[in-house]
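**Student:** Could you work out the structure for the sequence below:
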Amino acid sequence: MTVSALALFTLAACGTESGSGGGSGDSGDGSGTVRTESHVTGVHWNVSSLTVGGKKTAAPEGAHVRIDSEGKATGNLGCNRFTSDVRLDGDKVTVGRSTTTGMACEKDVQQFENAMGKAFHGELEAAVAGRGDEQTLTLTTAGGDSIALASEPPAPLTGTTWKVTGLASGSTAASLPAGTEDKAHLTFAKDGSVEGSLGCNSFHGKAAVSGFTLAFGPLVTTRKMCPGPEMELERALLGVLEGRTTYAIDHRSLSIEAKSGKGLDATAPAAGK
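**Tutor:** Below you'll find the model as predicted:
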């Protein structure tokens, strides 16, 4: 049930991408409602809530869906990730092939996913309202149950506090040393500077941005001695934040890779937090 629910959810959002002449939406009356066949792909949609049988349930944190222009959608309902194909017919959508992870979820999250499984079946109708970075998407079943989503803009490189969440070596990802979670972070400024914490010592320095590259100058750090895991993390980060590196942002996730192949992963807080 969970697999089909996730697929249906994804498909519903994707279904709003395609337009057939009679789709719903604004015709330019200034109400803020836009046509469902536009403004959907390439948007990170946070799941806000699910309403089943008149009862509204808030979605787990991190629940989202993203639709591409190739008939694919991916997302997360707060626990399991999913991918789905879609078949479209105007504002109606039909479930295609779907896959999902099978992690065990916390009780309340599992209950939400089970509710999604009951709500998402048959045909779904989509409606988009708002403009720019402030849009909402509502998906409604034939029985009147609905899922509410809201767009969230990607985090900018500069001015964002990026929390370091992982390390990498080439294509191999690794978690942070035990006990160092939430200790390292970095913030880039528009003037080409960077500052933050390496997990033990604070630092500041230069980080010139050009395209998808970051050129770090020598970093100035404090000189505290910290427990072993924190010093291990600090050494690893100093090996990444030096010289010319490449970076990429995927919505609110940042990855930086040095020429050596060493890298880091970081995340930004949700918009408004």
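**Student:** the strands in the stretch 51-200 of the chain, which residues?
**Tutor:** Remark: strands assigned in the stretch 51-200 of the chain by DSSP state E, counting those that start in this stretch are 55-58, 64-67, 72-76, 81-89, 92-100, 124-131, 134-141, 146-151, 161-169, 172-174, 184-188, 193-198.
**Student:** strands paired with the shortest one, and their directions?
**Tutor:** In its sheet, strand 172-174 lies beside strand 161-169 (antiparallel), with partners assigned from DSSP bridges.
**Student:** Flag every buried residue along the strand it pairs with.
**Tutor:** Buried positions in strand 161-169, judged by neighbour count with 16 or more other CB atoms under 10 Å: W162, K163, V164, T165, L167, A168. Using the backbone N, CA and C atoms, a C-beta is placed for each residue, glycine as well.
**Student:** surely the fourth one meets G263?
**Tutor:** No. T165 sits out of contact with G263 when judged by CB atoms under 8 Å, with a separation of 12.0 Å.
**Student:** Do me a favour and average the pLDDT over stretch 258-273.
**Tutor:** The predicted model assigns stretch 258-273 a mean pLDDT of 88.
**Student:** Of all the residues in it, which ones are buried?
**Tutor:** The neighbour-count check on stretch 258-273 (16+ other CB under 10 Å) flags A258, K262, G263, L264, D265, A266, T267, A268 as buried.
**Student:** List just the nearest of these to N201.
**Tutor:** The closest of the buried residues of stretch 258-273 to N201 turns out to be L264 (CB to CB; 16.1 Å).
**Student:** which element is the closest one on?
**Tutor:** Under the criterion DSSP states H and E, the helix or strand holding L264 is strand 262-267.
**Student:** How far does that strand sit from its chain's centre?
**Tutor:** Here the centre of mass of C-alpha atoms in strand 262-267, compared against the chain's by CA atoms, centre = their mean, to the nearest Å, lies 15 Å away.
**Student:** Show me what it packs onto, helices and strands only.
**Tutor:** Contacts of strand 262-267 with other secondary structure elements, assessed using 3 or more CB pairs under 8 Å, 6 or more residues apart in numbering; DSSP states H and E, are made with strand 161-169, helix 228-238, strand 253-258.
**Student:** Apply 10 Å and report the result again.
**Tutor:** Taking 3 or more CB pairs under 10 Å, 6 or more residues apart in numbering; DSSP states H and E as the contact definition, the neighbouring helices and strands of strand 262-267 are strand 161-169, strand 172-174, strand 184-188, helix 228-238, strand 243-250, strand 253-258.
**Student:** how about the last one as CSV, C-alpha atoms only?
**Tutor:** Listed in CSV are the C-alpha atoms of strand 253-258, where the atom choice follows Å, rounded to 0.1, in the frame of the first residue of the first chain:
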residue,chain,number,x,y,z
SER,A,253,21.7,20.7,-0.2
LEU,A,254,25.3,21.8,-0.9
SER,A,255,28.2,19.6,-2.0
ILE,A,256,31.8,20.8,-2.3
GLU,A,257,34.6,18.7,-3.8
ALA,A,258,38.3,19.5,-3.8
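**Student:** dump the residue contacts of the closest residue to L241 other than its chain neighbours.
**Tutor:** Using CB to CB, 6 or more residues apart in numbering and skipping residues adjacent in sequence, the residue nearest L241 is F216, 5.1 Å away. Under the criterion of CB atoms under 10 Å, 6 or more residues apart in numbering, the contact partners of F216 comprise 194, 205-208, 238, 240-245, 256, 258.
**Student:** now do 7 Å
**Tutor:** Residues in contact with F216, defined by CB atoms under 7 Å, 6 or more residues apart in numbering, are G205, K206, A207, L241, E242, G243, T245.
**Student:** Over to T99?
**Tutor:** F82, T83.
**Student:** give the contact list for G239.
**Tutor:** Residues in contact with G239, defined by CB under 7 Å, 6+ apart, are A258, S260, K262.
**Student:** Could you rerun that using 10 Å?
**Tutor:** Applying CB under 10 Å, 6+ apart to G239 gives the contacts L167, S169, A258, S260, K262, G263, L264.
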